[in-house]
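Student: Next input, structure requested:
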Amino acid sequence: MTVNIRFDPIRLPKICQDLRHEVRDFLHEEEAAGTFDRRENAMGGIFNKEFSRKVGAKGWIGMSWPKKYGGHERTFLERYVVTEEMRVANAPVRGHFTADRQSGPIILKLADEDIKADILPRIAAGECTFCIGMSEPSNGSDLFAARVKATKTDGGWLINGSKIWTSYAHLADYMIALFRTSPCTKENRRHGLTNFLVDLKNFNDIKINPVVNLRGQHEFNEVVFEDTFIPDQYVLGEIDGAWKQATSELAYERSGPERFLETSYVLFELAQVLGKQPDSRAAEGLGRLVAGLHTLRRMSVSVNGMLQAGEEPTIQGSLVKDLGTIWEQELPAKARDLATFVPPGNSNRASFDALLNYGIQVAPKLTIQGGTTEVLRGIIARGLGLR
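Tutor: Take a look at the predicted model:
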């Protein structure tokens, strides 16, 4: 049986356009005050808790959540606008973005009431940071092959094993992690995985080892569990059934504008380098890049409209992530070719070259993080009834 994959032609309403101006004014004020520099921030994620608190005070974290948990009951489309403006400005959102994008919604859906009442208002205030524990050293992006074991014990679970590529775990307060609670079966290799909420600050027997990248930056980590005790109340959702929840969570992670704007700074610098009257070759190349960006943006807006309607657009989100990360991965190399004949004395050539160099270095990871291209295409093929 085959299915059609639709992207409804959604336009942002006036309330979103008004919000966009408000967010831009805020970002301009913060940048003028020296809170961040969009060119410097492009070359490495900035973790700024004070900035996150300011964003929380504006009501721009947990925007769609119920007010009883510190949310603001605004739309996914309004949240889309905030995310887009923050990403384009390279604002220092690392302190709250993961919690806002995916961890908070999972807690809202699956956690005990006491945990919701404690954690969600702190996330919305920009005071609580999350990381994600999915990948493992021997499994790559194959989440269903996860082997970090959770063994039932009195009042909770003992965890043993390691998670890898865990962004900002050394600074995070909590992790939502995928652990194996039962073996998989021949009929269903997805069986046996359970989501847990891990309190990184208050649970014992957790080691966080830095994984430093080629630029000497500490963003990734290995998180090692050695008989780490997690109480029963920190289980999120159904025992052995986390694959359904993980799929739902990744719909949030894969559908936003951050999945095609991560190297957008290269495009903006390229437009300045080429100037107001580029030659025909450069104009065509720039036009193709902008057309691709516009298409991805319309797709992402559509997915957020589906989220607003209460749907779980897993396949559409996978398409946005697949096409978006390929576009942003290829962007630096295409920009380099288009700028080849621009004189070195151009006004912003130095900043373009610096950002281009960084973009080329980070580009390989873009089609890996959040699900590899191969995994995404498997999800899409399954949704089309092709496998």
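Student: Can you spell out which helices and strands pack onto the helix or strand that residue 230 is a member of?
Tutor: Taking DSSP states H and E as the definition, residue 230 sits inside strand 218-231. Taking 3 or more CB pairs under 8 Å, 6 or more residues apart in numbering; DSSP states H and E as contact, the helices and strands that strand 218-231 lies on are strand 156-163, strand 193-199, strand 206-212. Yep, even glycine has a C-beta here, placed from its N, CA and C like the rest.
Student: what residues does the second one touch?
Tutor: Right, the one you point to is strand 193-199. 106-107, 110-111, 115, 133, 143-144, 146, 150, 157, 159, 173-181, 206, 228, 230, 234-243, 245-246 (CB atoms under 8 Å, 6 or more residues apart in numbering).
Student: Tell me the buried residues in that strand?
Tutor: Residues 193, 194, 195, 196, 197, 198 are the ones in strand 193-199 that count as buried (16 or more other CB atoms under 10 Å).
Student: which residues does the last one bridge with?
Tutor: When assigned by DSSP bridges, residue 198 has beta-bridge partners residue 175.
Student: before we move on, what about the second one?
Tutor: Partner residues in beta bridges with residue 194: residue 179, with DSSP bridges as the criterion.
Student: Quick one: end-to-end distance for stretch 56-70.
Tutor: One end of stretch 56-70 to the other measures 10 Å (CA to CA, to the nearest Å).
Student: Can you give me the buried ones in it?
Tutor: By neighbour count on 16+ other CB under 10 Å, the buried set for stretch 56-70 is 56, 60, 61, 62, 63, 64, 65, 69, 70.
Student: per-residue confidence averaged over it?
Tutor: Averaged across stretch 56-70, the pLDDT comes to 97.
Student: and what of stretch 296-308?
Tutor: The average pLDDT for stretch 296-308 rounds to 90.
Student: List the buried residues of that stretch.
Tutor: 296, 297, 299, 300, 301, 302, 303, 304, 305, 306, 307, 308.
Student: Domain parsing of the protein, as residue ranges.
Tutor: Here the domain parsing of the chain from automatic domain parsing is 14-128, 132-242, 255-383.
Student: Which of those sits closest to residue 5?
Tutor: Closest to residue 5 of the domains of the chain is domain 255-383 (CB to CB; 5.6 Å).
Student: Centre of the chain to the closest one, how far?
Tutor: From the chain centre to the centre of domain 255-383 is a distance of 15 Å (CA atoms, centre = their mean, to the nearest Å).
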